[in-house]
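>>> Compute the structure for the input listed below.
(chains A, B, C and D)
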2 protein chains.
Amino acid sequence: MRIVDLPEIRQLSLFDSMSDESFSELMNAAYLQNFPAQVDLLHEGDNADFLFFVVEGCVELYANANGREGVLALVRPVGSFILAAVLRNEVYLMSARTSQKSRILMIPAQNIRDAFKRDDAFARAIVLELAGYFRAVVKEYKDLRLRTGVERLANRLLKYHITQGAPGFVQLPCDKKTLASILGMTPENLSRAFGTLKPYGVDVVGQKVVLGDVASLTVLAKPNPLIDDPST
Amino acid sequence: MRIVDLPEIRQLSLFDSMSDESFSELMNAAYLQNFPAQVDLLHEGDNADFLFFVVEGCVELYANANGREGVLALVRPVGSFILAAVLRNEVYLMSARTSQKSRILMIPAQNIRDAFKRDDAFARAIVLELAGYFRAVVKEYKDLRLRTGVERLANRLLKYHITQGAPGFVQLPCDKKTLASILGMTPENLSRAFGTLKPYGVDVVGQKVVLGDVASLTVLAKPNPLIDDPST
DNA sequence: AACCCCAATTGACAAATATCAAGAATGTTT
DNA sequence: AAACATTCTTGATATTTGTCAATTGGGGTT
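Residues are numbered from 1 along each chain as shown, chains lettered A, B, ... in the order given. Sure, this is the predicted structure:
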């Protein structure tokens, strides 16, 4: 599908300083496609042929090694993924699959690299985007290095709670198996971690988690803006 | 100390496409300082006031949370650190200390941000640098998520072996306590991991580690270019 | 309602890792 | 060389996490 001009893409900080012509050129080369759930979009080790955006739905970034698999991140609208591989013209380090029915925008990597060479404002926008990505991974890494599984769960719940407007409960963004993998633990362990948090007012009701005592949960979690704050 | 013009800095990919005037301007604002070992250069949470380069010696990037501390990376000459925080004008996510007597170049963050705004080639060089950093952290994260301690050690040894020219032994880049922290384990566990690797031809002699059977160590480690290869 | 399917939980156990305490090895100072 | 401090290793034990197997408990379908 060609000739797409999605306002939600145009307004991304990556593109909002780009000229109309350059943006149209990118979009004319791009593909907008609908995928069902559980479709593999790319695999680690493949050449970076496209830059991807999640327009609707949700994408899991995951990786395999030594017989294990882990979900490294969820990407939701409107987020991009594997920008670094595209710019460096190297292979992907992560695989990606749709975790639900999704609408995906794919821009050929060569067009991105051309625009990067030609368009100064675009190059600068990419810097800030990449710097943000870098900081996000550093935070994930610190989370995994410096916290136990229960602590990671507690802090994740508090983070979701804040982004969802702190209504006293949390809507999980995915099934528990995926949440466990995002948190770097097994599903069995996640169940037990929820059990451990029960005395801190945490009650699981399907995809919804009631936070009955945010104060005591916070004492346990010891949230740290240098790990948990999405904006810093 | 002012008016520094270190050729090893000038030739970094970050700066080699920069004009002489711009580079001189940066260097005129910069400080080149010698520090003894174990000096804290900056602390996580501080405003990003300087971009740092290790000219000589070695710097540890580390972080604290929930009563634990972990070394996240070693920076050796000539490497920079905390570029992302400087560009986004945000607080540092990691702390840094010299692990030995070191010569450090400090460039005021505002000068870096000015040069980034003014100099298109510099902005593009930063993109490739940041993309590389991003990929490096993703690899560290995958290493920690997808491998056991013994596997991480085995792969680290093989990686050092290759970068040191594969002479049949490896010179450790730091003391074992620090190596353990880099690998995300305790010193006791590192000792035991070395013990586990003895049947695979690994013999520890102080800071030197003899690799007597690289083939069988490789079978155990299952090295993966998407985690271990520094260039991809 | 009966059935099935799948996600989720639970229990029993095993593996990996951390902690604490002691001892060995190493290098440095005197 | 003796004394000392430091790093490293080892043993015993506790905690954390993973694995395997069985069971529970909805959500759909027929």
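
>>> Distance of A:Pro187 relative to A:Asn111?
Using Cβ to Cβ, to the nearest Å, we find A:Pro187 at a distance of 40 Å from A:Asn111. Bear in mind the C-beta positions are built from the backbone N, C-alpha and C, glycine included.

>>> no wait, A:Phe23
11 Å.

>>> Just the pLDDT for A:Pro108.
At A:Pro108, the predicted lDDT confidence score is 98.

>>> Enumerate every residue touching the residue lying closest to it once chain neighbours are set aside.
The shortest distance from A:Pro108 to any non-neighbouring residue, by Cβ to Cβ, 6 or more residues apart in numbering or on different chains, is to A:Ala29 (5.3 Å). Taking Cβ atoms under 8 Å, 6 or more residues apart in numbering or on different chains as the contact definition, A:Ala29 lies against A:Ile107, A:Pro108, A:Asn111.

>>> And those residues, which is closest to DNA strand C?
Ranking the contacts of A:Ala29 by separation from DNA strand C, with Cβ to the nearest atom of the strand as the measure, puts A:Ile107 on top at 31.8 Å.

>>> Now do the SS call for that closest one.
When states are read from DSSP: H, G, I helix; E, B strand; the rest coil, the local structure at A:Ile107 comes out as strand.

>>> hang on, isn't it packed against A:Leu51?
Yes - using Cβ atoms under 8 Å, A:Ile107 and A:Leu51 qualify as a contacting pair, with a distance of 4.7 Å.

>>> can you map out the strands along chain A?
With DSSP state E applied, chain A shows strands at A:31-35, A:40-42, A:50-56, A:59-65, A:68-75, A:79-81, A:95-98, A:102-108, A:169-171, A:202-205, A:208-211, listed in chain order.

>>> got the contact list for the residue lying closest to A:Val204 once chain neighbours are set aside?
Leaving aside its chain neighbours, A:Val204 sits nearest to A:Phe194 (5.2 Å; criterion: Cβ to Cβ, 6+ apart). Listed by Cβ under 8 Å, 6+ apart, the contact partners of A:Phe194 are A:Leu153, A:Val202, A:Val204, A:Val209.

>>> State the pair within these that is farthest apart.
Among the contacts of A:Phe194, the pair separated by the greatest distance (Cβ to Cβ) is A:Leu153 and A:Val204, at 10.9 Å.

>>> Give me the more crowded residue out of those two.
Between A:Leu153 and A:Val204, A:Leu153 has the larger neighbour count (other Cβ atoms under 10 Å in any protein chain shown), namely 24 against 17.

>>> do you know how far the closest residue to that one other than its chain neighbours is from B:Gly67?
With Cβ to Cβ, 6+ apart as the measure, A:Ala193 is the residue that lies nearest to A:Leu153, at 4.6 Å, once sequence neighbours are left out. Distance of A:Ala193 to B:Gly67, computed by Cβ to Cβ: 19 Å.

>>> of the two, who's got more company?
Using other Cβ under 10 Å as the criterion, A:Ala193 and B:Gly67 rank with A:Ala193 on top: 20 against 7.

>>> Kindly report the domain assignment for chain A.
Following the assignment in automatic domain parsing, chain A carries domains at A:7-144, A:148-228.

>>> just how off-centre is the last one within its chain?
Pointing back at domain A:148-228 there. In terms of Cα atoms, centre = their mean, to the nearest Å, the gap separating the centre of domain A:148-228 from the centre of its chain is 18 Å.

>>> On the pLDDT front, check the residue lying farthest from the centre of chain A for me.
Using Cα atoms, centre = their mean, the residue of chain A lying farthest from its centre is A:Pro199. It sits 30.5 Å away. Note for A:Pro199: predicted pLDDT of 95.
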